[in-house]
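fold the following, please.
(chains A and B)
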Amino acid sequence: MRWTHALIPTLREAPQDAEIASHQLLLRGGLIRKLSGGIYTFLPLGLRALRKVERIVREEMDRVGALEVLLPAMQPRELWERGPRFDAAKRVMFAAQPLSRERRAVGDLVLGPTHEEVITSTIADEVRSWRQLPKNFYQIQTKFRDELRPRFGLLRAKEFLMKDAYSFDANDSAAEASYRKMYDAYREIFDRCGLKYRIVEADTGVMGGSFSHEFAVPCAVGESEIAFTEDGSYAASIEKARSRFAPRDGRAPRLDTPEKFATPGALTIEALTKNHGVAAADQIKTLVYLCDAKLVLFLLRGDHALNEAKVVALGISEFRAATEAEIAGALGARAGSLGAVGIRAGGGISSVIADEALRDQEGMTTGANEDGFHLRGVSVARDLAVTRWADLRTAVSGELDAASGKPIKIERAIEVGHVFKLGVKYSEAFKANYLDAHGKEHPCVMGCYGIGVTRTLQAIVEQHHDKDGIVWPAAVAPYHALIQLLEAKNAEATACAEKLEETLAARGIEVLFDDRDERPGIKFKDGDLIGIPFQIRIGKKFLQNGKLEFRARGGGATEDLDLVDVPDRLAALLRSTGAR
RNA sequence: CGGGCUGUAGCGCAGUUUGGCUAGCGCGCUUGGUUCGGGACCAAGAGGUCGAGGGUUCAAAUCCCUCCAGCCCGACCA
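Residues are numbered from 1 along each chain as shown, chains lettered A, B, ... in the order given. Below is the predicted model of the structure:
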């Protein structure tokens, strides 16, 4: 491809709404353009890179026997209403209706944010026998989600390309084998994309299911947090992460009975520490939530934070912090002076759920349910009527892994892939059943597996760039090689460049030929910006002694080669980088 | 949805406080010339509903009202 025939609108400056390097470089390199918030056009160069990622995904899906399908992006709303999670899903869904009133749709349509409902209802009709199992279907398709706040270019967009796959198995162990296959395929995919990533145990959230893993690319602007030990023996998303809490220092005295004391104006953990000398770890934090329409108290140690994902994991589907009025009505005090001493589940409060860190603790301080007063010397076992113990806390950096005792670190990351073992949540809802060898009907055991393809593309750029621009891993680069003709007015140099382009193309090497009549500096800057892995310069040295200058974008010395030697050299390098 | 901010040429911005002549600068674009190895220089050009609508005024990018869009922080997030 000749540069003058292509459209590669590079920019010297980045648009001001692009904050992070990868977003700026995709725009500056002329790979994408923003149409509207969270909605992007792929220009030719960007599309080529995207297709490379897609190709890797396809090859690895095909390799493990997944079958490619294409499910509709437009879906009947009614389908979702029959499914198990419409209420949760509809918050991010777009409706798709004819704008003209005269042209009414037969039923309401939505734009699919994902495809569990479609695939399961389809398979329910087509798969009936154990002989047809296992099956795994995948597609690469545009998803639509109404992100409240799209940002960072392709990292969080309203319209994005996703690879999603759905496995159907006869039983749990078969489903786990399918899961394992996909897990391994994902490692291949992200390895081939040149990404450094961590695989973390993840929360299943609204998706439901029994377990899942997230493929996370560490990145300061990532939207999720992961906890892991340095040696990789433990890794989990922050929602799921468990850790050993640091023990209390044990200086708070045990009392025979709780003792009330005045704490005027001390409404926070910090204020109680500062004004009354009560260490955060010696306090009980009392949080009031409205859970499935009932008031629930959550108790944590003062220095710990509630992890709401763990509340969901308790089986509580709808919850929110209680309002001031609800709190006052149930406990007779305002937030800041709340406590569970004397609270019996069943009255205004339906249950008292306490974090494991509080078990058997003594000498604790908590609110007295009277504004401006707290109780000290509280013994958890003696004074609190805990109805349920659970792990509620958010792990923090520096705590120890529960199993190995090694310190955990917490970092932000981009979630590029997620695998879920779903179980029968969707197959039961849509009656995706099969008959076993004895003629007995069972629901298929499902798994689902997503890769954010456009997000992966940007994650690659985020991980592979330098001050001058993108440094594509060869496997996903829009082109393998860039010919930079620096003497465009010289007939011999031009003929050499044309010959080289032809020779490389004939060998299946994807080549971009910068044939513009521009000054060398511009070509160097643009070449480095768009990051094609190998650059071949035809310039001064060619005029002097017929040599071409061959260099890798990622660094390393420039080699002077004869025209005839370039194709072999390139082909060998591309083979070694796994690009071809 | 709450808080903060911004909308002026394709991109980056000044001008708005204190209303006033033909709305400016850099990059990019066009033409001509000189250049030619890390984003050259000179000259001449093209390109604007100053986010939209309404109002005040002799006069509005500038003041007032309404709306829209975008960005940042938060809430939310499969």
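
if I look at A:S243, how far off is RNA strand B?
Distance, A:S243 to RNA strand B, by CB to the nearest atom of the strand, to the nearest Å: 21 Å. Backbone N, C-alpha and C define where each C-beta goes, glycine included.

please report how far A:R393 lies from A:A21.
To A:A21, A:R393 is 34 Å away according to CB to CB, to the nearest Å.

and for A:G556?
A:G556 is 22 Å from A:A21, by CB to CB.

so for those two, which sits in the more crowded spot?
Remark: of A:G556 and A:A21, A:A21 carries more neighbours, 18 against 8, as counted by other CB atoms under 10 Å.

quick check: beta-bridge partners of the nearest residue to that one once chain neighbours are set aside?
Closest residue in space to A:A21, ignoring its immediate chain neighbours: A:H465 at 5.6 Å, by CB to CB, 6 or more residues apart in numbering. Under DSSP bridges, the beta-bridge partners of A:H465 are A:I470.

next, A:S237: phi, psi?
Backbone torsions for A:S237, taken as degrees, to the nearest 10, come to phi -70, psi 160.

again, but for A:I538
Dihedral angles for A:I538 - degrees, to the nearest 10 - are phi -120, psi 100.

show me what contacts A:A459?
Going by CB atoms under 8 Å, 6 or more residues apart in numbering, A:A459 touches A:S22, A:L155, A:L195, A:V217, A:C219, A:I414, A:V416.

and A:A368, by the same measure?
A:K260, A:A333, A:S337, A:G339, A:V341, A:H374, A:L375.

inside strands: which ones of the residues you listed?
A:K260, A:H374, A:L375 (DSSP state E).

which of those tops the neighbour count?
A:H374 (27 neighbours).

partners of it in the sheet?
The partner residues for A:H374, given DSSP bridges, come to A:F261, A:G367.

for it, give its distance to A:V352.
Taken as CB to CB, the span from A:H374 to A:V352 is 18 Å.

repeat that for A:G452.
Distance from A:G452 to A:V352, by CB to CB: 40 Å.

between these two, point out the one with more neighbours.
A:G452 (25 against 19).

show me the contacts for that one.
Listed by CB under 8 Å, 6+ apart, the contact set of A:G452 reads A:F160, A:L161, A:M162, A:E415, A:V416, A:G417.

got a pLDDT number for it?
Note for A:G452: predicted pLDDT of 95.

and the one 4 residues further on, by the same measure?
As summarised for this prediction, A:T456 has a pLDDT of 96.

isn't it up against A:Y197?
No. With contact defined as CB atoms under 8 Å, A:T456 does not count as touching A:Y197 (9.9 Å).

got any residues that touch both of these two?
Contact criterion CB under 8 Å, 6+ apart; residues shared by A:T456 and A:Y197: A:F190, A:V416.

same drill for those two, tell me which one is more crowded.
Taking other CB under 10 Å, A:T456 and A:Y197 do not tie; A:T456 has more neighbours (29 against 25).

let's verify the more buried one: helix, strand, or coil?
Using DSSP: H, G, I helix; E, B strand; the rest coil, the structure places A:T456 in helix.

now it: how far from RNA strand B?
15 Å.

spatially nearest residue to that residue (excluding sequence neighbours)?
A:V416 is the one closest to A:T456 (CB to CB, 6+ apart), at 4.7 Å.

again with A:L504
Closest residue to A:L504 apart from its sequence neighbours, by CB to CB, 6+ apart: A:V511 at 4.5 Å.

could you do A:E201 as well?
A:E201 sits nearest to A:A236 (CB to CB, 6+ apart), 4.2 Å away.

list the contacts for the one you found?
Neighbouring residues of A:A236 by CB under 8 Å, 6+ apart: A:V200, A:E201, A:A202, A:I226, A:A227, A:F228, A:R242.

partner residues bridging it?
Residues in beta-bridge contact with A:A236 (DSSP bridges): A:E201, A:A227.

just the pLDDT for it.
91.

please report the distance of the residue in the stretch 51-200 of chain A that RNA strand B sits nearest to from A:S351.
Nearest to RNA strand B in the stretch 51-200 of chain A, going by CB to the nearest atom of the strand, is A:A89, at a distance of 3.0 Å. With distances taken as CB to CB, A:A89 is found 28 Å from A:S351.

picking that back up, for the residue of the stretch 51-200 of chain A closest to RNA strand B, give its distance to A:P113.
In terms of CB to CB, A:A89 sits 6 Å off from A:P113.

ok, now A:A345?
From A:A345 to A:P113 the distance is 38 Å (CB to CB).

again, but for A:T10
Applying CB to CB, the value for A:T10 to A:P113 is 34 Å.

what about the residue nearest to A:T456, neighbour count?
With other CB under 10 Å as criterion, A:V416 counts 28.
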